[in-house]
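J.: Okay, here's the prediction I keep looking at, along with the sequence it came from:
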Amino acid sequence: MLSLHDIRFQYPGGAFCLALKTLEVRAGESLVILGPSGGGKTTLLRLMTGLLSPDSGEVICGETRLNRLSPEQRRRFRLEKAGLVFQDFALLDYLTVEENILLPSRFSPLSGTISAYARELADRLEIASHWRRRAAYLSQGERQRVAIARALAHRPQYVFADEPTASLDTGRRGLVMDLLLDYTQETQASLVMVTHDAELMPLFQKQLRVEDLTE
Ligand SMILES: Nc1ncnc2c1ncn2[C@@H]1O[C@H](COP(=O)(O)OP(=O)(O)OP(=O)(O)O)[C@@H](O)[C@H]1O
């Protein structure tokens with residue numbers, strides 16, 4: 001389970017202040033964060049993954065109190081337990097689709113079995129035909145789907161996805177949503193997804209509006 005308690009966060013020198021009393025996402029559960037631009041959705045996601053540390057409060061993933069770990073321990077936690085889909089995808093352009101998807105998994109204890117699963121994800125996301133192509137030559141929608149396959153390849157316990165359907169047509173949006181929700185159910189992971197797309201809201205068990213993030 002992922003839980004947050006009494007969180008307060010402010011960027012150094014910034015005016016934006018995020019406050020959240022309590023939030024829980026259980027194993028097998030999905031949470032969507034919705035709201036207007038600049039409301040704090042990405043900031044909350046970064047707090048949940050340990051990319052940012054709260055000024056006060058606790059971020060707990062299973063038995064791990066993320067906010068009490070060193071930056072290096074948090075990095076290791078992310079590599080082993082978390083799958084992240086960033087808004088800008090964060091692909092390495094000079095690597096192929098295969099290399100991008102498998103890169104974070106090199107540090108996983110499951111690394112022997114990951115390659116076949118990564119191929120399966122690529123098939124399901126309809127990017128397998130680009131397997132040996134460099135990321136630089138992909139469309140935005142293809143890049144987005146590579147980022148999603150990369151986030152899931154090491155079978156993380158926690159999946160954090162920032163606007164993972166933003167560059168996709170309706171058909172591919174359905175493909176991605178089915179995959180993320182099936183993955184969450186089958187592996188009993190916790191899924192947290194940020195979106196502007198209100199149509200996707202009913203697919204999630206829990207909803208959080210950014211209006212709830214300030215006092
Ligand atoms: N590194 C930073 N330093 C200072 N302020 C920041 C920083 N990153 C974001 N902010 C500010 O924090 C607020 C919340 O930003 P955030 O990116 O979390 O919003 P968001 O809801 O994800 O927006 P969007 O939907 O446009 O991606 C905004 O006012 C933004 O300008």
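T.: Received the coordinates, thanks. What you see is a predicted model; the values in this text were computed from it and never measured.
J.: For the rest of this, base every contact and every neighbour count on C-alpha atoms.
T.: Noted.
J.: Show the model's pLDDT score for the residue nearest in space to the middle of the chain.
T.: Closest residue to the average C-alpha location of the chain: residue 160 at 2.0 Å, with Cα atoms, centre = their mean. The score at residue 160 is 98. That number is its pLDDT.
J.: just checking, residue 83 is part of a helix?
T.: No. Counting by DSSP: H, G, I helix; E, B strand; the rest coil, residue 83 is located in no helix; its state is strand.
J.: Next, find the distance separating it from residue 47.
T.: Here residue 83 is placed at a distance of 14 Å from residue 47 (Cα to Cα, to the nearest Å).
J.: okay, the two: which has more neighbours?
T.: Neighbour comparison, residue 83 and residue 47: the larger count goes to residue 83, with 26 against 19 (by other Cα atoms under 10 Å).
J.: Show me the contact partners of the helix or strand of the chain with the lowest mean pLDDT.
T.: Taking mean pLDDT, DSSP states H and E as the measure, the chain has helix 111-124 as its least confident helix or strand, at a mean of 87. Counting by Cα atoms under 8 Å, 6 or more residues apart in numbering, helix 111-124 makes contact with 101, 102, 105, 128, 131, 146, 149, 150, 153, 154, 175, 179, all of which sit outside it.
J.: Show me which residues of the helix of greatest length in the chain are buried.
T.: Taking DSSP state H as the criterion, the chain has its longest helix at helix 170-187. Taking 16 or more other Cα atoms under 10 Å as the neighbour-count basis, helix 170-187 is seen to contain the buried residues 172, 173, 175, 176, 179, 180, 181, 183, 184, 185.
J.: pLDDT value on the fifth one, please?
T.: When you say that, I think you mean residue 179. Per-residue confidence at residue 179 stands at 97 (pLDDT).
J.: Do a quick rundown of the helices in this structure.
T.: Counting by DSSP H, the segments of the chain that form helices are 41-48, 71-81, 97-102, 111-124, 140-152, 170-187.
J.: packing partners for the fifth one?
T.: Counting contacts by 3 or more Cα pairs under 8 Å, 6 or more residues apart in numbering; DSSP states H and E, helix 140-152 packs against strand 82-85, helix 97-102, helix 111-124.
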